[in-house]
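Participant: this one's structure only:
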């Protein structure tokens, strides 16, 4: 049955027409791909798009009351803003620290600390494996920091901003009601 | 006990070829941690009423669960599919497509069984196109992975988690409304393990024993 499914998936795949894109500059493509793969820019992209979509989805959740919807949207906004800022604040220094400790051609005492000694020979700055190694080690380091920052920074920050947003929205609604009356 | 260098070597060998693997693993732990912190924050936020908490707590719990599920299913699926589109030659930059049209692989490229990397690497004539091919594969799969992450984390997850949290919220509210007719003693109330249950039975208690006490 699995084999049959695989054959039909392959048939569907083969029926997709061939496509082409205009020629670009390979160096530029690599630069963009490397930059957006880094933990901090990656977090920024997901954070900005989350702010554009998630509160809207929460506000249109017809299964709960209007007040619950509005509070849910306020909390989502607060969580995304605080989470993105804290996420970038943790990830970027982690990446910079790891990058400083993974320089095969660096001559500082700590330049090669985070490169496995068996991989040092012939390793060049800009190699694919070195770039991914930096991303991985900095992500692991950031995760370690986030064990504390999630509780110490994200959660209280989200609660504080949620309350501010709720108060601001209620004050705005009261002002509007007053003006209507 | 293995040395720190051995750990680094393990990380290099296991993940450097496929960093997405570690991102999924760390992402899973990250979401679980973040959700635990956020749930704690909701529980102790006295500006949010008990009724809203019965929606926000399941919403946050389902957020992590659905996010992890979507990431394993949707994001990884789209990432693999986009990689296959490039490695089979289904989508290529114009210059490489032109090369393929004049190559012996004219009829086979773009098929699911074709592999650009295996089939073309030995060819000397493909050498000038290698850099463009690798860069295109890099930008296309990275772009698709980010697009898939946005789709799964910021569109599919909020829709699903809201749906699931609404079911849970409405069930609890309905049960609490039914419970309003019951009167609990303080001791009975304290024996309830769940914080959510307490939040919902408290109004019933306060309604009968006190007036206007804030929950």
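Facilitator: Right, received. Where do you want to start? Owing to the predicted nature of the structure, the values given are computational and were not obtained by experimental measurement.
Participant: now the host helix or strand of residue A:94: mean pLDDT?
Facilitator: If you go by DSSP states H and E, residue A:94 is part of helix A:66-100. Mean pLDDT, helix A:66-100: 95.
Participant: do that helix and chain B meet at all?
Facilitator: Yes: under the criterion of C-beta under 8 Å from any C-beta of the partner chain, chain B is reached by helix A:66-100 at A:67, A:68, A:71, A:72, A:75, A:76, A:79, A:83. The way it works is simple: take the backbone N, C-alpha and C, and place the C-beta from them, glycine included.
Participant: what comes into contact with the helix or strand following that helix?
Facilitator: Next in sequence after helix A:66-100, counting helices and strands by DSSP H and E, comes helix A:128-149. Helix A:128-149 is contacted from outside by A:34, A:37-39, A:86-87, A:90-91, A:94-95, A:97-99, A:102, A:104, A:114-115, A:119, A:123-124, B:8, B:11-12, B:15-17, B:19, B:22-23, B:26, B:29-30, B:33-34, using C-beta atoms under 8 Å, 6 or more residues apart in numbering or on different chains.
Participant: Which of those are buried? Put it as a ChimeraX command.
Facilitator: Per 16 or more other C-beta atoms under 10 Å in any protein chain shown, the buried members of those correspond to this ChimeraX selection:
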select /A:34,37,38,39,86,87,90,91,94,95,97,98,99,102,104,114,115,119,123 /B:8,11,12,15,16,19,22,23,26,30,33,34
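Participant: Report all helices and strands that the helix holding residue A:94 contacts.
Facilitator: Contact partners of helix A:66-100 among helices and strands, from 3 or more C-beta pairs under 8 Å, 6 or more residues apart in numbering or on different chains; DSSP states H and E: helix A:39-59, helix A:128-149, helix A:155-180, helix B:19-43, helix B:50-70, helix B:157-179.
Participant: Identify the residue spatially nearest to the residue nearest the centre of chain A, adjacent ones excluded.
Facilitator: Among the residues of chain A, residue A:43 comes closest to the average C-alpha position under C-alpha atoms, centre = their mean, at 2.1 Å. Computed as C-beta to C-beta, 6 or more residues apart in numbering or on different chains, the closest residue to residue A:43 that is not its neighbour in sequence is residue A:87, at 4.3 Å.
Participant: Which helix or which strand is home to residue B:84?
Facilitator: Counting by DSSP H and E, the element that carries residue B:84 is helix B:76-87.
Participant: Against residue A:94, how distant is the residue nearest to the centre of chain A?
Facilitator: With distances taken as C-beta to C-beta, to the nearest Å, residue A:43 is found 11 Å from residue A:94.
Participant: from the chain's centre, how far out does the lowest-mean-pLDDT helix or strand in chain A sit?
Facilitator: When each helix and strand of chain A is scored by mean pLDDT, DSSP states H and E, helix A:2-15 comes last, with a mean of 80. Helix A:2-15 has its C-alpha centroid displaced from the chain centroid by 34 Å (C-alpha atoms, centre = their mean, to the nearest Å).
Participant: can you tell me the helix or strand for residue B:104?
Facilitator: Element membership for residue B:104 (DSSP H and E) is empty, with no helix or strand holding it.
Participant: what's around it, how many residues?
Facilitator: Residue B:104: 10 surrounding residues under other C-beta atoms under 10 Å in any protein chain shown.
Participant: try the one 4 residues further on
Facilitator: Here the neighbour count serves as a burial measure; for residue B:108 (other C-beta under 10 Å) it reads 14.
Participant: What is the three-state secondary structure of it?
Facilitator: coil (DSSP: H, G, I helix; E, B strand; the rest coil).
Participant: In this structure it contacts residue B:115, no?
Facilitator: No: using C-beta atoms under 8 Å, residue B:108 is not in contact with residue B:115; the gap is 10.2 Å.
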